[in-house]
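Student: Structural data only, the sequence is not supplied:
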């Protein structure tokens with residue numbers, strides 16, 4: 001069986017520069033995940049990697065994590081290129097970054113660059129680049145597990161930081177105090193994965209109607225694309241022996 005990804009013509013065209021492969025192997029490829037965060041994101045993606053590996057008895061899926069404290073979207077892109085050279089076995093590169101302090105141009109450009117790199121039609125092209133951005137912050141992805149509607153960054157209560165407001169909402173839904181460095185979030189949210197994907201796709205369809213750029217998609221998160229790529233939704237609690 002050929003290990004090359006499908007040609008560009010075989011990929012399903014999706015909004016927000018989505019380029020996930022439509023042809024899948026029996027087990028996922030090797031993945032490189034580069035994150036700008038150092039508190040919220042690493043524990044979540046580590047737990048996700050452990051979940052994936054528990055589903056495959058004969059092969060351990062390699063996840064390479066690279067975290068950048070205080071990095072920008074462009075920094076994440078640059079560091080991903082360096083990390084990929086050190087880990088050439090990786091066939092998927094996932095860039096995890098938030099809108100936060102990034103300019104709209106930088107935020108959009110990094111997403112477009114990932115799309116361009118994955119859309120090359122050369123037969124030898126094997127690495128797929130994915131932009132897992134959250135507008136305005138990663139907590140938007142967490143809230144999509146519970147909410148069909150999330151407050152925009154322009155509409156949060158006076159006197160509160162937007163992220164703090166989202167953290168307060170998560171506290172309400174979780175029934176316990178949520179903090180940015182919260183551990184075990186993947187496990188706590190796992191039973192709501194299918195709802196999170198439905199909510200994310202609904203938002204995506206609405207933004208697609210106006211051809212909104214990533215920076216204009218407030219609020220939204222494309223983290224669900226990784227969940228779909230790894231076929232995690234609907235597999236809660238399953239192991240390789242089931």
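Tutor: That came through, no problem. None of these values were measured; they are calculated from a predicted model.

Student: these two touch, right, residue 80 and residue 34?
Tutor: Yes. Judged on C-beta atoms under 8 Å, residue 80 makes contact with residue 34 at a distance of 4.3 Å. The C-beta positions use only the backbone N, C-alpha and C, and glycine is treated the same way.

Student: shared neighbours, these two?
Tutor: Both residue 80 and residue 34 are contacted by 66, 93, 95, under the criterion C-beta atoms under 8 Å, 6 or more residues apart in numbering.

Student: which element follows the helix or strand where the last one lies toward the C-terminus?
Tutor: What that stands for is residue 95. According to DSSP states H and E, residue 95 maps onto strand 92-98. Downstream of strand 92-98, the next assigned helix or strand under DSSP H and E is helix 104-118.

Student: Given the helix or strand just after that following helix, what are its sheet partners and their directions?
Tutor: Where DSSP H and E defines the elements, the next helix or strand beyond helix 104-118 is strand 128-135. Strand 128-135 pairs in its sheet with strand 92-98 (parallel), strand 220-221 (antiparallel), by DSSP bridges.

Student: which one of those strands has the lowest average pLDDT?
Tutor: Note on the strands paired with strand 128-135: strand 92-98 shows the lowest mean pLDDT, a mean of 93.

Student: starting at the chain centroid, how far to that strand?
Tutor: 6 Å (C-alpha atoms, centre = their mean, to the nearest Å).

Student: Could I get the pLDDT score of the closest residue to residue 207 other than its chain neighbours?
Tutor: Computed as C-beta to C-beta, 6 or more residues apart in numbering, the closest residue to residue 207 that is not its neighbour in sequence is residue 217, at 4.7 Å. Here the pLDDT value assigned to residue 217 is 95.

Student: and residue 217, how far is that from residue 100?
Tutor: For residue 217, the distance to residue 100 equals 14 Å [C-beta to C-beta, to the nearest Å].

Student: swap in residue 209?
Tutor: With C-beta to C-beta as the criterion, residue 209 and residue 100 are 26 Å apart.

Student: So the two - more neighbours on which side?
Tutor: residue 100 (18 against 8; other C-beta atoms under 10 Å).

Student: Go ahead and confirm that one touches residue 136.
Tutor: Yes. Counting by C-beta under 8 Å, residue 100 touches residue 136, with 6.5 Å between them.
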